[in-house]
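1. Quick one: sequence plus predicted model below, questions after.
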Amino acid sequence: MIDRLTSEEKAQLPDSDFGLPELHEYPMPDAAHVRAAEAYFRYCPEQLRPRLARAILAKAGQYGVDVESPTILSYAKG
């Protein structure tokens, strides 16, 4: 089970740890949260999906997470 971030923990994360930093959505401070962002990708607004997909792939590379979702891979290509 994925540990949930408290609102205080989320507030202390740098913008670079969010898939959508301007909204403080999709926090990815570790591998478990990268996987969670991948799982919740379908809830992202359509117009923001390419940016979120690229952020997920960048963080996945940083934490050694294999992203296999064809949807995320497709959006990341642009």
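-> That came in fine, so what should we check first?
2. contact partners of stretch 58-70?
-> Under the contact criterion C-beta atoms under 8 Å, 6 or more residues apart in numbering, stretch 58-70 has outside partners 19, 28, 30, 31, 34, 35, 37, 38, 41, 56, 57, 73. Just so you know, the C-beta spots here come from the backbone N, C-alpha and C atoms, and that holds for glycine as well.
3. what's the closest of those to residue 13?
-> residue 28 (9.0 Å; C-beta to C-beta).
4. OK, contacts around the closest one?
-> 17, 18, 19, 34, 37, 55, 56, 59.
5. from what I can see the second one touches residue 27, true?
-> Yes: with contacts defined as C-beta atoms under 8 Å, residue 18 counts as touching residue 27 at a distance of 5.5 Å.
6. Residue 26: helix or strand, and which one exactly?
-> Element membership of residue 26, judged by DSSP states H and E, is strand 25-27.
7. Tell me which stretches of this structure form helices.
-> 7-12, 31-39, 49-63, 70-77 (DSSP state H).
8. Can I get the last one in CSV, CA atoms only?
-> Provided in CSV are the C-alpha atoms of helix 70-77 (Å, rounded to 0.1, in the frame of the first residue of the first chain):
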residue,chain,number,x,y,z
PRO,A,70,1.0,2.8,-23.5
THR,A,71,-1.3,5.7,-22.8
ILE,A,72,1.4,7.6,-20.8
LEU,A,73,4.1,6.7,-23.4
SER,A,74,1.9,8.0,-26.2
TYR,A,75,1.1,11.3,-24.5
ALA,A,76,4.7,11.8,-23.6
LYS,A,77,5.7,11.6,-27.3
